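> coords please:
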Amino acid sequence: MNLCVASGQFPVGPELRENVEHVREQIAEAGAGGARIVVFPESALSGYTPWEFPDLAGFDWAALERATEDVREAAAAANLWVLVGSISPSTSICGPVVVPQPPKITEMKFRFIALHIM
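As a prediction, the model looks like this:
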């Protein structure tokens with residue numbers, strides 16, 4: 001059995017709506033190309049919050065939940081699994097796993113690994 005895995009990359013920014021549109025477009029493209037899984041970088045959905053939103057007190061968590069639901073729907077429509085990095089109210093280091101059947105989300109913890117090239 002072969003498994004096709006796609007990776008998504010785009011200029012992640014602080015505008016949640018723009019990030020989710022990039023993710024949705026690349027999910028559709030990956031599905032059309034035969035992928036069963038598409039993987040996006042850390043913070044691809046929410047943006048790099050420690051730098052863009054130093055104080056999360058005013059962060060729009062409801063908008064992030066709606067964006068996550070948009071990704072769930074796109075995953076179901078493309079019939080593939082999606083791993084997309086994001087934050088959550090409980091921790092700034094998590095990444096939801098979006099699955100097509102049934103549409104639900106499970107959190108995965110990520111470790112930041114620094115790579116220094118000399």
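
> Could you list the low-pLDDT ranges of the protein?
Scanning the chain for pLDDT under 70 picks out 1, 49-53, 90-118.

> Now the phi/psi pair for the residue nearest the centre of it, please.
Closest residue to the average C-alpha location of the chain: Val84 at 2.2 Å, with C-alpha atoms, centre = their mean. Taking degrees, to the nearest 10, you get phi -130, psi 130 for the backbone angles of Val84.

> Not counting its neighbours along the chain, what's nearest it?
Leaving aside its sequence neighbours, Val84 sits nearest to Phe40 (C-beta to C-beta, 6 or more residues apart in numbering; 4.2 Å). Every residue, glycine included, has its C-beta placed from N, CA and C.

> ok but Glu65 is inside a helix, no?
Yes. Using DSSP: H, G, I helix; E, B strand; the rest coil, the assignment for Glu65 is a helix.

> burial count for it?
Residues near Glu65, counting by other C-beta atoms under 10 Å, number 13.

> picking up where we left off before, Ala57 versus the residue nearest to the centre of the chain, what's the distance?
Distance, Val84 to Ala57, using C-beta to C-beta, to the nearest Å: 24 Å.

> got a list of what Trp61 touches?
By C-beta atoms under 8 Å, 6 or more residues apart in numbering, Trp61 lies in contact with Pro89.

> Just the strands from this structure, written as ranges.
For the chain, the strands defined by DSSP state E cover 5-7, 37-39, 81-83, 86-88, 91-99, 104-108.

> gap between the residue nearest to Gly34 when sequence neighbours are not counted and Asp55?
Excluding its sequence neighbours, the residue lying closest to Gly34 (C-beta to C-beta, 6+ apart) is Cys4, at 5.0 Å. Using C-beta to C-beta, Cys4 is found at 41 Å from Asp55.

> same thing with Asn2?
For Asn2, the distance to Asp55 - C-beta to C-beta - is 46 Å.
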